[in-house]
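Engineer: Build me a structure from this.
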Amino acid sequence: MLKEAATYDELYRNFRWEIPDRFNIATACCDRHADGTGRLALIYVDEDGGITRTSFDEVADASRRFANVLAADGIVRGDRVAVFLSQSLELPVAHFAAYRAGMISIPLFALFGEDALEFRLSNSAAKAVVTDAAGWEKLAKIRDRLPELKRVYILGEKVPAGTTSFWGAIRSASPEFATVDTSADDPALIIYTSGTTGNPKGALHAHRVVLGHLPNVEMCHNFLPRPGDLMWTPADWAWIGGLINGLFAFWYHGIPMVGHRARKFEPQAAMQMMAELGIRNVFLPPTALKLMRQANVENPGVKLRSIFTGGESLGGELLGWVRDTFGIDAHEVFGQTECNLVIGSNSNLFPIRPGAMGRATPGFDVRIVNDKGEELPRGERGIIGVRQPCPCTMIEYWRNPDATAKKYAGEFLLTGDLGVQDADGYFWYVSREDDVITTAGYRVGPSEIEHTLMKHPAVAMSAVVGIPDPIRTESIKAWIVLRPGYAPSDTLAREIQEFVKVQLAAHEYPRFVQFAETLPMTATGKVLRRELRALG
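Structural biologist: Residues are numbered from 1 along each chain as shown. You can find the predicted model right below:
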């Protein structure tokens, strides 16, 4: 999409969006490369180091067959299909099948617990779920509370009663399926994002969202594609970063992906895998880079062409370590689930300034505005806003018109992040406008954690905040007022932590628990989280 240029100004000035009227993610990211030649799509590395290679031809065939399975099971255009899997071949097969049939996919983080899973499946009224044995263990406990859920497809041959074997169904299905004619503006997927109040909100995106990501991905990866490109990210393919910045954007260009999701990020093992497979392009969240530096990893021969990162600022010291270790610069980006990759960097086009997020992505008009959508002078702090319309912007928050309306002011989408733009056009991050916690590259809303805490029998009141963490940016801390009959103890704190970890997800449990007799409140009964943050 980008026409390579010698300077950023030339790149930005000459860019024009070219969004076709008819567009389908499965056709663009798979079928265009499934030409019968066996073109490589995926290198999957399992937990034991075993390697499986899959072609675009095979992905296309399996996804057409699974589209037939869904249709035969009564799932129709517009229905929601949840994909509750980690990095795997089955994940894109399920997504592409949904897109072929005009359905809406819902990527779900494989480590979600029962509460997080139930809300998202219930809110979306998902008709089908694709998962594995580990996912089924959680889903089985809540299935009777999901009346809209018709079908559960499980990886493996022997599956529990009332479920269907994913691959068994695929093998018996027809390989012929006519992909529906979708508009670029037709709905394609719902990605849930957490805020500070209420339940998580589902950002409904159109098929065009993939095209909206391309300018930033291409710029920050030193232009794509290039011979020998091979992409990997440890970020799960359930978030917009791993799924669209990574998998879909690279497959749009026919660049193969490496799939490997270890239970825990191991810095030296990651380096070794990158060297052995000849990985050339990576999306490494700042937390991964910090862990690699902390572990004092040695480069065993990794030869990267591009390093893409985002979610929090790297800072000068970490940027220097990356340059010394890999011989190239890390290119930072900024965005959010509702409108992603609006700011980026490329040291070949303009100097990187440590602490700055970069400059506006070609095709995006990014400004600092007030809450009315009025532009502020350079150097003045305000909300980072993105002028609309924009191909990367969500259609709406799923079934939440009030929240959708509040996301906009005037001509701008309001990110909710505060920043400053300097005289040279660089954007500098200041803070969240609200109470969202940034931890290990994830944005976590305190409300969902607080709701789960309140389900524990010992908890009378709770408040969740983020506290500074040198590795994770912020760690989650829960302030808890106990019910009568319960006394503070380390044992109880650990029990509460485990309770949240099981109910929500491993990245959402409070690493610190502070018991208190009362919580600071406003006159109207709202918890003053800023006072709790100040206490540390």
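Engineer: Could you point out which residue ranges in this protein have low pLDDT?
Structural biologist: Residue ranges of the chain with pLDDT under 70: 194-198, 522-526.
Engineer: max-length helix in it?
Structural biologist: For the chain, the longest helix by residue count, based on DSSP state H, is helix 56-72.
Engineer: can you list contacts of that helix?
Structural biologist: 26, 30-31, 33-42, 81, 89, 92-94, 96-98, 100-101, 103, 128, 151, 153, 164, 166, 169-171, 173-177, 179, 251, 254 (Cβ atoms under 8 Å, 6 or more residues apart in numbering). (Each C-beta comes from the backbone N, C-alpha and C, glycine too.)
Engineer: Please determine how far the most centrally placed residue in the chain is located from residue 443.
Structural biologist: For the chain, the residue nearest the mean C-alpha position is residue 239 (2.0 Å; Cα atoms, centre = their mean). Per Cβ to Cβ, to the nearest Å, residue 239 is found 9 Å from residue 443.
Engineer: again, but for residue 472
Structural biologist: Distance, residue 472 to residue 443, using Cβ to Cβ: 12 Å.
Engineer: With residue 345 instead?
Structural biologist: Residue 345 is 20 Å from residue 443, by Cβ to Cβ.
Engineer: just residue 6 next, same as before
Structural biologist: Using Cβ to Cβ, we find residue 6 at a distance of 36 Å from residue 443.
Engineer: and what of residue 41?
Structural biologist: Distance, residue 41 to residue 443, by Cβ to Cβ: 30 Å.
Engineer: Looking at those two now, which is surrounded by more residues?
Structural biologist: More crowded of residue 41 and residue 443, by other Cβ atoms under 10 Å: residue 41, with 27 against 17.
Engineer: Hmm, residue 35 and the more buried one touching each other?
Structural biologist: No - the pair residue 41 / residue 35 is not scored as a contact, 11.9 Å apart, by Cβ atoms under 8 Å.
Engineer: Residues touching stretch 265-279, excluding its own?
Structural biologist: Contacts of stretch 265-279 (Cβ under 8 Å, 6+ apart): 43, 45, 228, 230-232, 234, 258, 260, 262, 282, 288, 291-292, 294-295, 297-304.
Engineer: For that stretch, list every residue counted as buried.
Structural biologist: Judged by neighbour count using 16 or more other Cβ atoms under 10 Å, the buried positions of stretch 265-279 are 265-267, 270-274, 277, 279.
Engineer: between those residues, which is closest to residue 206?
Structural biologist: Nearest to residue 206 out of these is residue 279 (Cβ to Cβ; 30.9 Å).
Engineer: for that closest one, helix, strand, or coil?
Structural biologist: coil (DSSP: H, G, I helix; E, B strand; the rest coil).
Engineer: can you start the count at 37 instead of 1 from here on
Structural biologist: Will do, 37 is the new start, and the previous item becomes residue 315.
Engineer: any idea how far it is from residue 359?
Structural biologist: Distance from residue 315 to residue 359, counting by Cβ to Cβ: 18 Å.
Engineer: got it, and residue 213?
Structural biologist: Look at residue 213 and residue 359: by Cβ to Cβ, they are 48 Å apart.
Engineer: who's more crowded, the two?
Structural biologist: residue 213 (22 against 15).
Engineer: give me every residue that touches that one.
Structural biologist: Residues near residue 213 by Cβ under 8 Å, 6+ apart: 100-101, 103-104, 136-137.
Engineer: Looking at those, spot the one nearest residue 169.
Structural biologist: Nearest to residue 169 among the contacts of residue 213 is residue 101, at 21.7 Å by Cβ to Cβ.
Engineer: on that earlier part again, which of the contacts of residue 213 sit farthest apart?
Structural biologist: So, the contacts of residue 213 by Cβ to Cβ: farthest apart are 101 and 137, at 11.8 Å.
Engineer: Who has more neighbours out of those two?
Structural biologist: Counted by other Cβ under 10 Å, residue 101 and residue 137 do not tie: residue 137 has more neighbours, with 27 against 21.
Engineer: now the closest residue to the more buried one other than its chain neighbours: how far from residue 123?
Structural biologist: Nearest in space to residue 137, with sequence neighbours left out and distances taken as Cβ to Cβ, 6 or more residues apart in numbering, is residue 103 at 4.7 Å. Look at residue 103 and residue 123: by Cβ to Cβ, they are 22 Å apart.
Engineer: Then residue 496?
Structural biologist: From residue 496 to residue 123 the distance is 40 Å (Cβ to Cβ).
Engineer: These two - which one has more neighbours?
Structural biologist: Set residue 496 next to residue 123 and count neighbours by other Cβ under 10 Å: residue 123 wins out with 27 against 13.
Engineer: where's residue 326, which helix or strand?
Structural biologist: Assigned by DSSP states H and E, residue 326 falls within helix 322-330.
Engineer: Residue 447: neighbour count?
Structural biologist: Neighbours of residue 447 (other Cβ under 10 Å): 16.
Engineer: Ramachandran angles for the nearest residue to it once chain neighbours are set aside?
Structural biologist: Excluding its sequence neighbours, the residue lying closest to residue 447 (Cβ to Cβ, 6+ apart) is residue 423, at 5.2 Å. Backbone torsions of residue 423, given as degrees, to the nearest 10, read phi -60, psi 140.
Engineer: close enough to count as contact, residue 423 and residue 399?
Structural biologist: No - with contacts counted by Cβ under 8 Å, residue 423 stays clear of residue 399, the gap being 10.8 Å.
Engineer: out of these two, which sits in the busier spot?
Structural biologist: Counted by other Cβ under 10 Å, residue 423 and residue 399 do not tie: residue 399 has more neighbours, with 20 against 17.
Engineer: what sits against that one?
Structural biologist: Contacts of residue 399 (Cβ under 8 Å, 6+ apart): 51-53, 251, 426-427.
Engineer: tell me which element it is part of?
Structural biologist: If you go by DSSP H and E, residue 399 is not part of any helix or strand.
Engineer: gap between it and residue 319?
Structural biologist: 20 Å.
Engineer: Next, the distance between the ends of stretch 118-131.
Structural biologist: The first and final residues of stretch 118-131 sit 9 Å from each other (Cα to Cα, to the nearest Å).
Engineer: hang on, the earlier thing: buried stuff in the longest helix of the chain?
Structural biologist: For helix 92-108, burial by neighbour count (16+ other Cβ under 10 Å) applies to 92-107.
Engineer: And stretch 544-552, by the same measure?
Structural biologist: Across stretch 544-552, burial judged by 16+ other Cβ under 10 Å covers 544-546, 549-552.
Engineer: And the strands in the stretch 37-186 of the chain?
Structural biologist: In the stretch 37-186 of the chain, the strands defined using DSSP state E, counting those that start in this stretch lie at 76-81, 87-91, 116-120, 140-143, 164-167.
Engineer: I'd like to know which of the ones you listed lies nearest to residue 241.
Structural biologist: The minimum distance between residue 241 and the strands of the stretch 37-186 of the chain falls on strand 140-143, with 9.3 Å, by Cβ to Cβ.
Engineer: so what secondary structure elements neighbour the closest one?
Structural biologist: When contacts are defined as 3 or more Cβ pairs under 8 Å, 6 or more residues apart in numbering; DSSP states H and E, strand 140-143 packs onto strand 116-120, helix 126-136, helix 150-160, strand 223-229.
Engineer: go again using 7 Å as the cut-off
Structural biologist: Using 3 or more Cβ pairs under 7 Å, 6 or more residues apart in numbering; DSSP states H and E as the contact test, the elements touching strand 140-143 are strand 116-120, helix 126-136, strand 223-229.
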